[in-house]
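Asker: Build the 3D model from these lines:
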Amino acid sequence: MDWRNWQIREEIIWQIRNHFRSKGFKEAETPLIRPTLIPESYLEVFTTKLMDRNRQEKEMYLITSPEASLKKLLSAGFGNCFEITKVFRNTETDSDTHQPEFTMLEWYRVGSNYLKIMSDCVELFNYLWRSLTEKKLVTAPADGTFKYAGKSINFKQPWLKISVSEALEKFADINFNDITHKDGKDSLTRFPAAKLAAVCVKKGYKVTADNSWEELFNQVYLNEIEPRLNLKVPVIIYDFPQPMAALAKLKKEDHRLAERFELYIGGLELADCYSELTDWREQQTRFEEETKLRKKAGKTDVVWDREFIEALKSGLPDCAGVALGIDRTAMLFADCTNIRDVLLFPFA
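Answerer: Below you'll find the model as predicted:
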């Protein structure tokens, strides 16, 4: 391993803590092993066994994110907070940008929404850029430009913000209204798989009768939109379809869309943000829908977190939160295209 890469990673973590503490955020520490999880249909999980003193076994899970625990703290009045922690996602091997164990930063702002977190991201990455250049760990001119994977990227210029609907139209020649029903009463009627399947067949994608709308959308997004987000400035793509945002608030003016954004820099997906859903009834309904989708996809059965629903009942304040990949952030600033190059003990 190039030790400079580790210095960059170490400095990023150090400066993240400095940045959020200077903003009055509390640092939280939450469990890595839990008896329940948030049931997200697109993730596969790790299971393990907890044995008591009598060697009686209980199934447990390694966390896929600290989100549920942090929101329980928010519901208890903890306030603005952040956490840097290990998280675990199964099947994420054989990739230059994924590891089954990786390091995540999450932070939450009370009384806020996803628009404020967009500003947080701009501020944080400019802060990291300044810190790394001042310590000469990253070489870059004063105008905010640096190199990643042979491409110049500038933090100081206005970041590009594009909605998913705009990106579909621009990059995939798909009108969002043609693959959804705005007046549908629930997720199934708003997002009929048959409408999107017809479009995907014309485009030459592999389509089966069992494909959900979400699975079909992912094919389009990953093949036609995500590769186009590798630009000379950071890109925030926002207002995702509701099936792609299981824990986000829906937009009041259009319940097909959720207040969610993703951040891309140099083509790397780095952060995922929601205006957090606070309605416990809606959240429980979505958990039930996600559980059905997990079963349909053959994913590991997950006992979903009912304590989380109880926390929402007690009153999760209006807030927004974001998860940011520390390893990929280190890749960006170290100019590495393989995640293994910023880890001391990577998986093969």
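Asker: Could you name the specific helix or strand carrying Ala68?
Answerer: Using DSSP states H and E, the element containing Ala68 is helix 67-75.
Asker: Convert stretch 150-167 to CSV, retaining C-alpha atoms only.
Answerer: Provided in CSV are the C-alpha atoms of stretch 150-167 (Å, rounded to 0.1, in the frame of the first residue of the first chain):
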residue,chain,number,x,y,z
GLY,A,150,-7.1,11.8,-15.3
LYS,A,151,-10.0,14.4,-15.1
SER,A,152,-9.9,17.9,-13.6
ILE,A,153,-12.6,18.5,-11.0
ASN,A,154,-13.4,21.9,-9.4
PHE,A,155,-15.1,22.2,-6.0
LYS,A,156,-15.3,26.0,-6.0
GLN,A,157,-17.3,26.3,-9.2
PRO,A,158,-21.1,25.9,-8.8
TRP,A,159,-22.0,22.2,-8.4
LEU,A,160,-24.4,20.8,-11.0
LYS,A,161,-27.9,19.9,-9.5
ILE,A,162,-30.1,17.8,-11.7
SER,A,163,-33.4,16.0,-10.9
VAL,A,164,-33.8,12.3,-11.7
SER,A,165,-36.7,13.3,-14.1
GLU,A,166,-34.4,15.7,-15.9
ALA,A,167,-31.7,13.1,-16.1
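Asker: wait, what's in contact with the residue positioned nearest the centre of the chain?
Answerer: In the chain, the residue lying closest to the centroid (C-alpha atoms, centre = their mean) is Asp272, at 3.2 Å. Applying C-beta atoms under 8 Å, 6 or more residues apart in numbering to Asp272 gives the contacts Arg260, Phe261, Glu262, Leu263, Val322, Ala323. Placement of C-beta: from N, CA and C, glycine included.
Asker: now His255
Answerer: His255 makes contacts with Arg190, Gln242, as judged by C-beta under 8 Å, 6+ apart.
Asker: those helices in the stretch 1-150 of the chain, which residues are they?
Answerer: Ranges of helices in the stretch 1-150 of the chain, per DSSP state H, counting those that start in this stretch, are 3-22, 67-75, 114-134.
Asker: what residues does the second one touch?
Answerer: Counting contacts by C-beta under 8 Å, 6+ apart, the residues outside helix 67-75 that touch it are 28, 30-31, 34, 36-38, 63, 81, 83, 106, 108, 110, 247, 276, 305, 307-308, 311-312, 314-317, 319, 321, 323.
Asker: picking that back up, can you pick the most crowded of the contacts of Asp272?
Answerer: Phe261 (29 neighbours; other C-beta atoms under 10 Å).
Asker: so where does that residue fall, helix or strand?
Answerer: Assigned by DSSP H and E, Phe261 falls in strand 254-265.
Asker: Could I have the CA atoms of that strand written out in CSV?
Answerer: C-alpha atoms of strand 254-265 as CSV (Å, rounded to 0.1, in the frame of the first residue of the first chain):
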residue,chain,number,x,y,z
ASP,A,254,-45.9,14.9,-6.2
HIS,A,255,-46.0,11.7,-4.2
ARG,A,256,-44.2,9.8,-6.9
LEU,A,257,-41.0,11.7,-5.8
ALA,A,258,-39.0,11.6,-2.6
GLU,A,259,-36.8,14.2,-1.1
ARG,A,260,-33.6,12.3,-1.7
PHE,A,261,-30.3,13.1,-3.4
GLU,A,262,-27.1,11.4,-4.3
LEU,A,263,-23.7,13.1,-4.6
TYR,A,264,-21.2,12.1,-7.4
ILE,A,265,-17.7,13.5,-7.7
